[in-house]
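Engineer: from the sequence below, what's the structure:
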Amino acid sequence: MTISGLCSVIVAVEDINDNRPEFVLDGHQLYHASVQENAANNTVVTVSPPISVRDEDQGENGVAGIQFSLRPVTKENDSANTTLDLPFVVDDVSRQLLVRYSSDSDTLDRETRGSYQMERGSGAEWLAHRTRDLEVAEVVVVVVVVVVVVVVVVVVVVVVVVAAAAAVIAAAKNDLGKGLNATAVLTVTITDVDDVAPRFTQTGNNSFRIPENSEPGTQVGTVQAQDEDLIDSLVVYSLKGSRYFSIHPFSGVISVAGSLDREASSVLVLVVSACDSNGCDNKNVTVEITDVNDNCPVWNCTTLTFPVIEDQGAGSRLGNLQAKDPDQGQNGEVEFYINDTIALRFIDVSSTGEVTLKTHVDDSDLRRDGQESVLSFPVYASDKGSPPCATLGQLKLDVSGVNDNPPQICYKGVCGVTEIKLSVLDKSEADTVIGQVEARDIDTGSDGDVRFLFQSDTDGVVELFNISSSGIITLAQKINLGDLRQNGQLGEPSDQSNNNTMIVSLIATDQGSNSMSSNATVLVTVVSSTTDAPVFTQFSYQMDIPENSAAGASVGVVTANSPRGTQLTYSVPTVGHTEPFAVEPITGVVITTAVLDRETHAQYQFVVSAADPFLPAFPASAVVTVRVTDRNDNIPEFTQRYVSVDVPENDITNPVLATLRAQDADIGVNGEIRYTIAGNQFSGSVLFALQTNFQSTLHLGN
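Structural biologist: Model prediction:
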């Protein structure tokens, strides 16, 4: 008899972790996220699509037991990058991607760590670190690993026979295993923040060269700076250090902005700045100004005078010409030449400026040929530039003759006279003018400077007369015919009975070292006085007139009286008269006949006469002295046109650089010179006002 029973058997089928978790990508190939490079620690990073995982197992074998980890994608067998620290974590509960730094000093720096790129291989991935690329966004590619680490038990209800249950349990038990995992690729893009200042790409100093004649706007060169940021990376350039250059604010092109002068500054250092909103970078730029032939030679003295002695032999060295050119190289090399045909007869000028005499020069021959004793020629100082630049100077040969010509005594326009006849009224007063002579000597300098003196064998005769340097003969004292006869001062000592003439020798002597002289006999006849002869109110007249007065200007008035009341006629003796003056015949007004120049001739002396037409043999004479007063008609001239001073840089121990000298042909306040350069304006000393650390040229003008 079979007895059976019925019971309910509840079989609990325990879940084993036999299903892998799966990422839910909703059709996407991978996860994408982006975060700013300056994100703070624990910043939540938005992932697209949101991280989602499913697992068919239950409990901790399923979704509840999922843990997340991140590792870089690595190339197969490449262990170097497996230890790469990633600044991200995925929260197991919220499944949010978080920024997580290993230390407080860490940061996401897009410029320091460039883009990360995933590359798939045979069953593995590789994470490559590459350099910064400013054209594309940098990304971090990571792999999200999902691991189930806890067994999930699933309880089910089934009806089975007892024999079958054990096998199932065993089977179930045997299926218990380790946690399973799944992977997905997460690409994190590090977005840019403007946190880096621009940097110049060139190292060291930039150097450029440009000619000094470059026009404004000419490009000198270009500087470049880079900003590693992707946003707000506009770089703005500026420069300081010179007003002669400018820089384009965006391209970095440096251009000429003003007139350049290499002679003033040959090297300029510019400070160029490249800036954005986050800061600036500075760089020194050196600009060398190259030379062009923009300066002509400058004479040390525009008029050079060399003394020449008339018996000086051919081949004699007279001196050297000097000029300087501030340009460089051949542009600054100076050579000299003459092309005047007359000058080439007398002198030779070498290219170095040495002046030598080619032939014997006779001062007397020059004068007899109607030439001056000072020969003046044009001479040129030229540089060797292409094309060359030449400056005109003046070369003078001051031919000083040896004293080989005696002076000649001239009277009434005739030179070389040996006898001069004069007359004077009896009882004439001292200072009465009785005549005028002239001396001529074709020698120059002191050799042609002639002085007069009287000599006589008769006692007391010489003391009766005076003669001025201009040859005007006057009485030294009042004369009386009776006294002269009684003193034996008339005629020759052997014959004085009926002689009313005083005899005196006039000696003309030059002032040369080997002086030469000539003489003439002066016969002064004493005429019986007449009360009807005209008489000047003064024996001599002093008059002044400013220089540069026009011809015909009035100088002064001379006056003579006639006892007879006759209209007198005034005149200046024409014979031998060379002074630029005349006298109105009726009024006695002295006038000029030419424009006067005080610097050429400061004083004149001449004789005027007043004659009674009824007594022409007894004219009255007086001496007129005219002083030419100064006008400020000459500019100062430096004795040297070009001054070069070498000064050690950073040395101010001696504040006086140089002492300049200038001359002014005017006199008095018109000739006082004041120097306008900073310093002592009366002494001409240029003071060192600034500490020097560069070479410069100081140009001075009148």
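Engineer: how does the protein divide up, domain by domain?
Structural biologist: 22-191, 199-290, 298-400, 408-527, 535-629, 635-702 (automatic domain parsing).
Engineer: could you tell me the least trusted of those domains?
Structural biologist: Lowest mean pLDDT within the domains of the chain: domain 22-191, at a mean of 62.
Engineer: now do it: distance from first to last residue.
Structural biologist: 30 Å (CA to CA, to the nearest Å).
Engineer: list the buried residues of the longest strand anywhere in the chain.
Structural biologist: Assignment by DSSP state E gives strand 615-629 as the longest strand of the chain. By neighbour count on 16 or more other CB atoms under 10 Å, the buried set for strand 615-629 is Phe618, Pro619, Ala620, Ser621, Ala622, Val623, Val624, Thr625, Val626, Val628. Quick note: C-beta positions are derived from backbone N, CA and C, even for glycine.
Engineer: list the contacts for the fifth one?
Structural biologist: It refers to Ala622. Applying CB atoms under 8 Å, 6 or more residues apart in numbering, we find Ala622 in contact with Val433, Phe536, Gln538, Phe539, Ser540, Tyr541, Val558, Ala560, Val607, Val608, Ala610.
Engineer: ok, of these, which one's closest to Glu599?
Structural biologist: Tyr541 (24.1 Å; CB to CB).
Engineer: bridged to that closest one, which residues?
Structural biologist: Under DSSP bridges, the beta-bridge partners of Tyr541 are Val624.
Engineer: just Thr303 next, same as before
Structural biologist: Bridge pairing for Thr303 - DSSP bridges - gives Gln394.
Engineer: going forward, count from 51.
Structural biologist: With the count now opening at 51, the last piece we talked about shows up as Thr353.
Engineer: hang on, isn't it packed against Asp448?
Structural biologist: No - if you go by CB atoms under 8 Å, Thr353 and Asp448 don't touch, sitting 11.4 Å apart.
Engineer: which one's more surrounded, the two?
Structural biologist: Asp448 (17 against 13; other CB atoms under 10 Å).
Engineer: now do the buried residues in the helix or strand harbouring the more buried one.
Structural biologist: Here Asp448 sits within strand 440-450, counting by DSSP states H and E. Residues of strand 440-450 classed as buried under the neighbour-count rule (16+ other CB under 10 Å) are Ala440, Thr441, Gly443, Leu445, Lys446, Leu447, Asp448, Val449, Ser450.
Engineer: give me the sheet partners of the helix or strand that that strand is followed by and which way each runs.
Structural biologist: Using DSSP H and E, the helix or strand that follows strand 440-450 towards the C-terminus is strand 458-461. Strand 458-461 has these partner strands in its sheet, going by DSSP bridges: strand 464-465 (antiparallel), strand 488-490 (antiparallel).
Engineer: filter the contacts of Ala672 to the buried ones?
Structural biologist: Val483, Phe586, Phe589, Tyr591, Val608, Ala610, Val657, Val658, Ala660.
Engineer: same list (these) but as TSV, adding secondary structure and distance to Gly721.
Structural biologist: Formatted as TSV, those follow (DSSP: H, G, I helix; E, B strand; the rest coil; distance: CB to CB, whole Å):
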residue	secondary structure	distance to Gly721
Val483	strand	35
Phe586	strand	36
Phe589	coil	34
Tyr591	strand	28
Val608	coil	32
Ala610	strand	39
Val657	strand	32
Val658	strand	32
Ala660	strand	39
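Engineer: wait, which of those residues is closest to Ile388?
Structural biologist: For those, the nearest to Ile388 is Val657 (46.5 Å; CB to CB).
Engineer: residues touching that closest one, list them.
Structural biologist: Contacts of Val657 (CB under 8 Å, 6+ apart): Val483, Gln486, Ile522, Val622, Pro623, Ser671, Ala672, Val673, Val674.
Engineer: which element, helix or strand, includes the residue nearest the centre of the chain?
Structural biologist: For the chain, Ala314 is the residue whose C-alpha lies nearest the centre (CA atoms, centre = their mean; 3.3 Å). Ala314 belongs to no helix or strand when elements are defined using DSSP H and E.
Engineer: hmm, back to that, looking at the buried residues of strand 665-679, which is nearest Ser579?
Structural biologist: After measuring those against Ser579 - CB to CB - the closest member comes out as Phe668, at 9.1 Å.
Engineer: just checking, that closest one touches Ala583?
Structural biologist: Yes - with contacts counted by CB under 8 Å, Phe668 reaches Ala583, the gap being 4.0 Å.
Engineer: what touches both of the two?
Structural biologist: Leu475, Asp662.
Engineer: where does Gly115 fall, phi/psi-wise?
Structural biologist: The phi/psi pair for Gly115 (degrees, to the nearest 10) reads phi -100, psi 10.
Engineer: burial check on it, number of neighbours?
Structural biologist: Around Gly115 there are 21 residues (other CB under 10 Å).
Engineer: quick one: name whatever helix or strand follows whichever strand or helix holds Ser119.
Structural biologist: Using DSSP H and E, Ser119 sits in strand 116-122. Beyond strand 116-122 on the C-terminal side, the first helix or strand identified by DSSP H and E is strand 138-140.
Engineer: what is the helix or strand that comes right after that following strand packed up against?
Structural biologist: Per DSSP H and E, the first helix or strand lying C-terminal to strand 138-140 is strand 147-149. Other helices and strands packing on strand 147-149, by 3 or more CB pairs under 8 Å, 6 or more residues apart in numbering; DSSP states H and E, are strand 94-95, strand 138-140.
Engineer: again, only this time at 10 Å
Structural biologist: strand 81-86, strand 94-95, strand 138-140, strand 231-241 (3 or more CB pairs under 10 Å, 6 or more residues apart in numbering; DSSP states H and E).
Engineer: note down every partner strand of that strand and its orientation.
Structural biologist: Checking strand 147-149 against DSSP bridges gives partners strand 94-95 (antiparallel), strand 138-140 (antiparallel).
Engineer: pick the most buried one from the ones you listed.
Structural biologist: Stretch with highest mean neighbour count among those: strand 138-140 (a mean of 19; mean count of other CB atoms under 10 Å).
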